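In: Give me a model of this one.
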Amino acid sequence: MPPRRGSLIVRVQSLTLAAASAALLAPTTSPTTEFAAVRTEPAVRREGSVEAADLLARVRECAPVSRGRYRSDDGSAATIPVCGTRQAVFWKADMDIDCDGRPGSHCNRRTDPQFSDATAYQQSDGRYLSAETLPYIVVPAASGIWDYREHGVRGGAVAAVVYGDRVQYAVVGDVGPDHIIGEASYATAKALGIRADPHGGGAPSGVTYIVFKDAQVKPIEDHAAAVATGERLARLFVGAK
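Out: Purely as a prediction, here's the structure:
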């Protein structure tokens, strides 16, 4: 038997009231706002189990291996020495953002006025490194101040970069000016929670770069190998007397 007209009206009214109640109870945040909130979460990774504090304790004292000191930027005072131990060389500086290498959505001529599509070292397939995806650091070009090659450092050398309580493993991937020190790739900065914008990003101080001697990753783009090697050497480094 078809429903009576009165029953149908009551049912429609009930459904209408239910829909209105649901609309009132629904969150007022728009889908676009929710998506934007997700996108603004910091993209920070944690790698390895060696604590930042343990690494910093090992580099508290500096035995200089450089014959002079570096500037953090053009125009700043030359106050930064390269220090050394039997296992590593290290320096404490700022972090400028290196966006050079293969262009991408974040590193290109539009986002970085000083962009270069080349890096000092290349991947195993002959392409230049991607600053967006590969954590790497920059060493100053060999000069009378310091020649990194004399201390077991070359392209693909493994480094531990420390910022705050975070440790990020990286490789030596590029060479910079011979009088400036303190630079790393977009990917390194992002992983450490540092603003990675090549135009105005970076950290003004508080970054420690520890490069392990005679430790080279091949191929240079194998970040998993850099992490494994870095973690092993970091454990030896903090346990050394």
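
In: Check which helices and strands the helix or strand harbouring residue 230 sits against.
Out: Using DSSP states H and E, residue 230 maps to helix 223-239. Packing partners of helix 223-239 (3 or more Cβ pairs under 8 Å, 6 or more residues apart in numbering; DSSP states H and E): helix 52-58, strand 157-163, strand 166-176, strand 203-216. In this view, the C-beta of every residue, glycine as well, is placed from N, C-alpha and C.

In: which parts of the longest one are buried?
Out: Meaning strand 203-216. 203, 207, 208, 209, 210, 211, 212, 213, 215, 216 (16 or more other Cβ atoms under 10 Å).

In: before we move on, what about stretch 65-78?
Out: Applying 16+ other Cβ under 10 Å to stretch 65-78 flags 65, 66, 69, 70, 71, 72 as buried.

In: want to throw the buried residues of strand 203-216 into JSON lines with distance to residue 80 and pLDDT?
Out: What follows is the buried residues of strand 203-216, written out as JSON lines (distance: Cβ to Cβ, whole Å; pLDDT from 0 to 100):
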{"residue": "203", "distance to residue 80": "14", "pLDDT": "98"}
{"residue": "207", "distance to residue 80": "11", "pLDDT": "98"}
{"residue": "208", "distance to residue 80": "11", "pLDDT": "98"}
{"residue": "209", "distance to residue 80": "10", "pLDDT": "98"}
{"residue": "210", "distance to residue 80": "14", "pLDDT": "98"}
{"residue": "211", "distance to residue 80": "14", "pLDDT": "98"}
{"residue": "212", "distance to residue 80": "20", "pLDDT": "98"}
{"residue": "213", "distance to residue 80": "19", "pLDDT": "98"}
{"residue": "215", "distance to residue 80": "23", "pLDDT": "95"}
{"residue": "216", "distance to residue 80": "25", "pLDDT": "94"}
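
In: No more questions from me, cheers.
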